[in-house]
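Peer 1: Just a sequence and a predicted model for now, questions to come.
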Amino acid sequence: MEVSVPLSTDVLVVGCGPVGATLALMLGRRGISALVIDKAPDIYAAPRAIAFDFDALRILQSAGLGSDDFDQVRIPFVRMISPIFGEFARINTAREVDTHPMQITFYQPDLERALRRRLSEAHSVTVSLATELISLRQGNDGVAVQIRLANGSVIDVCTRYLVGADGASSNVRAMIGQDFKGKSFVEDWLIVDAKNAPEPIDHVEFLCDPKRPTPHMIAPGGRQRWEFMLAKGEGRQQMEGDEEVGRLLAPWGGIAAMEIERRAVYRFHARTADSFQSGRVFLVGDAAHITPPFVGQGLVSGLRDAANLSWKLAFVVKGCAGAHILDSYDAERRPHSQAMINVARLMGKLIMPRNRFAAFVSHGTIKLLRKVPGLRGLLEEQGIRPANRYRRGLFLKSARVAYPKPGYLLPQVWLVDRQGNEHRSDDVFGHSFALVGFDTDLDQYLDDHADRILAGLGARKVVIAQPNQGLSSTDAFTHKTVAPLCPTAKRAVALVRPDRIVMAAGPADQVSKMLKAAAQQLNGTGREWPFLGAADLSRGAAELRCLP
């Protein structure tokens, strides 16, 4: 079916993979007009990304996707196995974090189909497939682009902002001259995806043999994945052939015993763009950073980009914040993405040691550390994943010891309403800001100016109390303990951003002052906040005149 492509839009998203589709969904849920283009005519029907953590599931939740929308396999644990020491490390992933499984695997085509179903329901979003970006030119008020449609015709489109979500070989990144920094690993890897293996596993394991490091994992639909590191002299044509694939899979039943879905040799990369922003053009996902797959954070990092950037674009487009807040996207996301890449590289060194001596030292040291009670718990329960927090960006740093901490992601918990129904806290907060009071009624501390600021933000006031507190607020919810959210004090408040990063926090009697400071930071002028009002967050933008 031919799609009618708008000639002007608030945001043009180039790339309709999981990251681009999620970002467009988040824009659509906030009433922003978005055009999503992708040069491919359909979803690539083969598994690629395969692992998610709780952060990704939480972001998809905010975009409207739940556990029933695509198949998932919960991972109970991750093992690291050495030919010298046996199991030398284990991470327990069976528990829930932020109300979601700590680790799952999935089938990417299923996820993409679910995202596109949701996009088809978003009234302010248009998706045009088999459509290619030809050129872009930035001006003071927008970006003028040329795109080629499926029928071969070329049209001009004006957009306020453009987001490149077009993958590792991003056309958008090339057009704005943002080079990748970093390097490729010397080693190439053969990825094999198969169905109905006769001896499947139900977890994730890293076979850390210096001769042939091999990550191996379960996936939905009776699938298994193996990643075999290639030795020197082994090339793509040889290793993708039946003979070599069959030899490598022999310990699990061999090639004849299972259905091979994909075999492909990849060179893993660890790279970031010089900047994730150039004027009105932004990069997200693999267009901005490429993460080695050893900790399953590549696609997750891209989804964090989408969550961070989408609400900022929405607020700027609607006139509810100054355009300067968009600069915080690069300041917040690029250091965190680099931290994830560094962790992945560290994990890569553990699972692909250069020689038997290096394996003996690293694997033996980890096994010894597991014998130390305190370290064992840290290694097995937390892993080495860096926290989702920002050192600088769009939040108010506090000199006092305050919790929740500004710049940190607020944990998600189950809340109970007055009728006894359970809700995830992110769903309670909604799609905009939230002012959260911990064990305290908010209204007694808010003056008229503070209420106007909250109205301009479209913010919901939410009180989270321990049971039997007897709070009178109509927006009061209970939780068995507020400690995961605010462990240090009662009568504390937090202003939580739409991406659930804490923007400001402090004692309840300072809430009006805190809101005024947050308003000035979002406004960027220090003057009275010129908000259009909460209703504008769901109202369509005016017609855009892009460039002469």
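Peer 2: Right, received. Where do you want to start? Numbering: from 1, shown residues only.

Peer 1: ok, for Pro76, nearest residue in space, not its chain neighbours?
Peer 2: Spatial nearest neighbour of Pro76, chain neighbours left out: Ala94 (4.4 Å); criterion: CB to CB, 6 or more residues apart in numbering. No exception for glycine: its C-beta is placed from N, CA and C like everyone else's.

Peer 1: and that neighbour, which of the three is it?
Peer 2: Recorded secondary structure, Ala94: coil (DSSP: H, G, I helix; E, B strand; the rest coil).

Peer 1: Which element, helix or strand, includes Arg118?
Peer 2: helix 108-120 (DSSP states H and E).

Peer 1: His363 now?
Peer 2: Per DSSP H and E: His363 is located in helix 356-369.

Peer 1: buried residues in stretch 200-214?
Peer 2: Pro200, His203, Val204, Glu205, Phe206, Leu207, Cys208, Asp209, Pro210, Pro213, Thr214 (16 or more other CB atoms under 10 Å).

Peer 1: Dump these to JSON lines, plus secondary structure and pLDDT.
Peer 2: Compiled in JSON lines, the buried residues of stretch 200-214 are given as follows (DSSP: H, G, I helix; E, B strand; the rest coil; pLDDT from 0 to 100):
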{"residue": "Pro200", "secondary structure": "coil", "pLDDT": "92"}
{"residue": "His203", "secondary structure": "coil", "pLDDT": "96"}
{"residue": "Val204", "secondary structure": "strand", "pLDDT": "95"}
{"residue": "Glu205", "secondary structure": "strand", "pLDDT": "94"}
{"residue": "Phe206", "secondary structure": "strand", "pLDDT": "92"}
{"residue": "Leu207", "secondary structure": "strand", "pLDDT": "93"}
{"residue": "Cys208", "secondary structure": "coil", "pLDDT": "91"}
{"residue": "Asp209", "secondary structure": "coil", "pLDDT": "91"}
{"residue": "Pro210", "secondary structure": "coil", "pLDDT": "89"}
{"residue": "Pro213", "secondary structure": "coil", "pLDDT": "90"}
{"residue": "Thr214", "secondary structure": "strand", "pLDDT": "93"}
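
Peer 1: want to throw those residues into a markdown table with distance to Ile255?
Peer 2: Shown next, in a markdown table, are the buried residues of stretch 200-214 (distance: CB to CB, whole Å):
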| residue | distance to Ile255 |
| --- | --- |
| Pro200 | 15 |
| His203 | 23 |
| Val204 | 22 |
| Glu205 | 20 |
| Phe206 | 22 |
| Leu207 | 18 |
| Cys208 | 24 |
| Asp209 | 21 |
| Pro210 | 25 |
| Pro213 | 21 |
| Thr214 | 16 |
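
Peer 1: Looking at those residues, point me to the pair that's furthest apart.
Peer 2: Distance extremes for those: the farthest pair is Pro200 and Pro210 at 25.9 Å, using CB to CB.

Peer 1: Val511: what's it in contact with?
Peer 2: For Val511, the contact set (CB atoms under 8 Å, 6 or more residues apart in numbering) comprises Leu435, Leu442, Tyr445, Leu446, Ala450, Val493.

Peer 1: For the fourth one, give me its contacts.
Peer 2: It refers to Leu446. Leu454, Val511, Ser512.

Peer 1: Mind pulling the model confidence for it?
Peer 2: The model reports Leu446 with a pLDDT of 92.

Peer 1: Same question for Lys371.
Peer 2: Listed pLDDT for Lys371 reads 85.

Peer 1: okay, now it: neighbour count?
Peer 2: When counting by other CB atoms under 10 Å, one arrives at 8 neighbours for Lys371.

Peer 1: Would you check how far apart it and Met80 are?
Peer 2: Note on Lys371: its distance to Met80, by CB to CB, to the nearest Å, is 16 Å.

Peer 1: roughly how far apart are Phe88 and Arg225?
Peer 2: Counting by CB to CB - Phe88 and Arg225 are separated by 22 Å.
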